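J.: sequence plus the predicted model coming up.
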There are 2 protein chains.
Amino acid sequence: MFRTGGPAAPDARSPGTAGRFGHYPGVVSEQTASETDVRACAARGRDAAAELAPLSRAAKDAALRAMADALDGATDDVLAANARDVARGREAGLGDGLLDRLTLTVDRVAAMAQGLRDVAQLADPVGEVVRGYSQPNGLEIRQVRVPFGVVAMIYEARPNVTVDAAGLAIKSGNAALLRGSASARESNTALVDVLSRAAEKAGLPRDAVQLVPGTDRSSVLHLLRARGLVDLVIPRGGAGLIDHVVQNATVPVIETGVGNVHVYVDAAADLDVAERIVVNAKASRVSVCNAAETLLVHRAVADAFVPRIVAALQAADVVVHGDDAFAACAGVLPAGDDDWGREYLSLDIAARVVDDIDEALAHIRRWSSGHTEAIVTGDLAASRHFVARVDSAAVMVNASTRFTDGGEFGFGAEIGISTQKLHARGPMGLTELTSTKWVVTGDGHTR
Amino acid sequence: MFRTGGPAAPDARSPGTAGRFGHYPGVVSEQTASETDVRACAARGRDAAAELAPLSRAAKDAALRAMADALDGATDDVLAANARDVARGREAGLGDGLLDRLTLTVDRVAAMAQGLRDVAQLADPVGEVVRGYSQPNGLEIRQVRVPFGVVAMIYEARPNVTVDAAGLAIKSGNAALLRGSASARESNTALVDVLSRAAEKAGLPRDAVQLVPGTDRSSVLHLLRARGLVDLVIPRGGAGLIDHVVQNATVPVIETGVGNVHVYVDAAADLDVAERIVVNAKASRVSVCNAAETLLVHRAVADAFVPRIVAALQAADVVVHGDDAFAACAGVLPAGDDDWGREYLSLDIAARVVDDIDEALAHIRRWSSGHTEAIVTGDLAASRHFVARVDSAAVMVNASTRFTDGGEFGFGAEIGISTQKLHARGPMGLTELTSTKWVVTGDGHTR
């Protein structure tokens, strides 16, 4: 989820069973937008980005606070627009979960405004000197953090993402192109109107924050193809949306959030710790991408651990889908490739006994989505072996997979969790919304 | 170019007028490859990558030295294979420039072997802790540099790239998929055969270095679509190749090398310094991506500088394509949008007088490819203004644009120059061939 200091909407990070891009059954009519319109919007963002890049932290923070105040002041208008979205959604037969995610309240609007103030408190990533040195010929070489320029976010349902994304983009000196879903159209329009007016009044370019025209899939396509105008697209949502973006984008993309997450309980595990971690990783919140989906248990501890963890999981209402060793326990369903390959996002877990740590690693290599894997062990060599060989964004040693999270990592704000290896991997904070440039200073140096 | 310590092939970085992807006129027949074959090759790379990732620096360096020795020992075989490529190329009507780039000699093979030994001397980027801290709850959080996994390189003509790319990939713990051009097929086959055998003998997986099957465009397409098998593709070549890759890739890509490079001579420039830098940036080597293509001169110094720089450029055999102010000088051709937008890669330069620094910045924003821009000025405020507002991989202050180069930056080896903002921007060394992962260690921590 986009998260700042404020309280989060329920189940905000992952769509669970809800988010299937462009397929809300019978949802409100979608609006189309021409390629010309979308590119014109991106080009305005590009101009705004050129003005945003050299701004001081003070100027950006002042704008963020002004946007927060304006949002507080416009609560009634935002709630009225949101009520129209909710009414249309209810008519169109949106499910209760989606309606809850769509619905704003006085408290949720206040939390969004507070989120902007919290972002203002964070350090400015722009201007940081990442590397700096002098060459033998006297040239001074500095690699300096700079904004990307135009950052587009494509997301589903939740209107709070609109505000969080706008705040994080501005703090990192980027122009934001926001592409929410059709079902939140009026809410998003009202929010962006408030934010962009307030930003302009505070001295920022008016087009620092824009809603991308159109709510159908073709307008997304135009955005994904706007090479030279869009520096980065971040899709936030279910696997369907992310796959659509990756398949069609010619602009740079950061993939987020699909988590087929494994916990491996080693021969040398403390079984009390293992039980606590497995139950926490699976059951503390099932609809998020850092929740565990598969449990792997070393054969040496299977007799002691399998019945115990099945009982503990079942006590937490989790359905276990297991191999033969697990299926010997009452209530365990048989597991197959469908289970190993699946991100349940529900009170289900796949479970298997492995002969050794390398079989666990092979299973993970075969099935993982590269998000997070955990080992529970008291053995240092096993831990080092596992950490060196797991090829995922995060590896947990004797800790729940639920800790793969910008907040838990101390980032202060999170834009999403990258599951790709290019540029950003794992939780993304403000730093990951920046690029760098090289500044080389001489006294008339030539080659 | 790929460059290590060894001497470079002539005009290695940029294709000049030569490299038009897949369009060598009448070149030797191309070989097709099925999607199954290409994906099988990538899958073998994936398995090899899993073995390469945990290797120690010592193991990788020993393999690099063994590969260098094997290459030295196989010089005759490599030259024989290369002679067949050159003969076929001559029959097919390849131009002299291309034939020179294709041709290997005893010295060039020795330089490639030395390049591998030089890479062995460089520090290992893998294992570096990029960030590391403890959270209040006692969790230890470390962001550690790791290999990408499978890195594919697509390049034109020059067989030395095959060896350089293999060496850099192995040093950074990656499996290499090499996709050279049809005209160098036999040379590349011979080289990869020597290298992969030597690597295997030194304890590396045999598939650490592979030639991608096929030499036609469809085999590139299969590679670009091998999601989940290829972690990164780096195209090295002309704009046509790079555009093809970006338009078709669903795997992550780093764009390299197109440079429409500007030099801005400010009102406060030392005109001696300005002349030296402009002539060096344009004429010291015209076929490279860091060569200047457009000169912008502040109106305040135009009367003094324009005739002088035109004379100096013409003395270096450069044809000036200028606006009205420049066209007043003898021998200057009129310039238009075609000139502003063009990467000449030849003894030509576009030139224009601007009213002030902001007009220079606007021109750069409109026409630059985002590679390198330079300002010549003695005024600190002008320098800060320019540096803050230029959105390119490198900004030079009183230094030639030719310094945008991994060697000049002290990287020891260069894989290319990225002109995108995601992951790597500017010269790429070994560090840019790595990703990171987060390692989180606790004592049974749960949320």
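T.: Noted; the coordinates are in hand.
J.: and the longest strand along chain A, which residues are buried?
T.: Counting residues, the longest strand found in chain A (DSSP state E) is strand A:434-445. Buried positions in strand A:434-445, judged by neighbour count with 16 or more other Cβ atoms under 10 Å in any protein chain shown: A:434-442, A:444-445. For the C-beta atoms, the positions are set from N, CA and C on the backbone; glycine is no exception.
J.: list, out of these, those positioned next to chain B.
T.: The overlap between those and the neighbourhood of chain B (criterion: Cβ under 8 Å from any Cβ of the partner chain) consists of A:435-442, A:444-445.
J.: out of these, who's nearest A:Lys282?
T.: Closest approach to A:Lys282 among those (Cβ to Cβ): A:Ser435, at 37.5 Å.
J.: beta partners of the closest residue in space to A:Ile242 that isn't next to it in sequence?
T.: For A:Ile242, ignoring the flanking residues on the chain, the nearest one in space by Cβ to Cβ, 6 or more residues apart in numbering or on different chains is A:Pro235 at 5.0 Å. Taking DSSP bridges as the rule, A:Pro235 bridges to A:Ile154.
J.: verify the contact between A:Ala199 and A:Ala169 for me.
T.: No - here A:Ala199 lies out of contact with A:Ala169, judged by Cβ atoms under 8 Å, at a distance of 10.7 Å.
J.: for these two, list the residues in contact with both.
T.: Here A:Ala199 and A:Ala169 share the contacting residues A:208-209, scored by Cβ atoms under 8 Å, 6 or more residues apart in numbering or on different chains.
J.: quick one: A:Asp69 is in a strand?
T.: No - looking at A:Asp69 with DSSP: H, G, I helix; E, B strand; the rest coil, it is helix, so not inside a strand.
J.: what does the pLDDT read for it?
T.: Per-residue pLDDT puts A:Asp69 at 98.
J.: cool, and A:Gly16?
T.: According to the model's per-residue confidence, A:Gly16 sits at a pLDDT of 35.
J.: now swap in A:Arg236 and tell me
T.: 87.
J.: from B:Asp124, how far off is it?
T.: Taking Cβ to Cβ, to the nearest Å as the criterion, A:Arg236 is separated from B:Asp124 by 35 Å.
J.: just A:Val245 next, same as before
T.: A:Val245 is 35 Å from B:Asp124, by Cβ to Cβ.
J.: burial of A:Asp337, as a residue count?
T.: Neighbour count of A:Asp337, defined by other Cβ atoms under 10 Å in any protein chain shown: 9.
J.: pop out the phi and psi values for the residue lying closest to A:Ser392 once chain neighbours are set aside.
T.: Once its chain neighbours are removed from consideration, A:Ser392 has its nearest residue in A:Gly370; the separation is 4.7 Å (Cβ to Cβ, 6+ apart). When quoted as degrees, to the nearest 10, the phi and psi of A:Gly370 stand at phi 80, psi 20.
J.: circling back: ok, the residue nearest to A:Ile242 - contacts?
T.: For A:Pro235, the contacting residues are A:153-155, A:241-242, A:244-245, A:253, A:255-256, by Cβ under 8 Å, 6+ apart.
J.: between A:Arg236 and B:Asp124, tell me which one has more neighbours.
T.: A count of neighbours by other Cβ under 10 Å puts A:Arg236 above the other of A:Arg236 and B:Asp124, at 26 against 19.
J.: spatially nearest residue to the residue in the stretch 1-150 of chain A that chain B sits nearest to, not counting backbone neighbours?
T.: Nearest to chain B, among the residues of the stretch 1-150 of chain A, is A:Pro54, at 4.0 Å (Cβ to the nearest Cβ). Counting by Cβ to Cβ, 6+ apart, B:Ala388 is the residue found nearest to A:Pro54 once chain neighbours are left out, at 4.0 Å.
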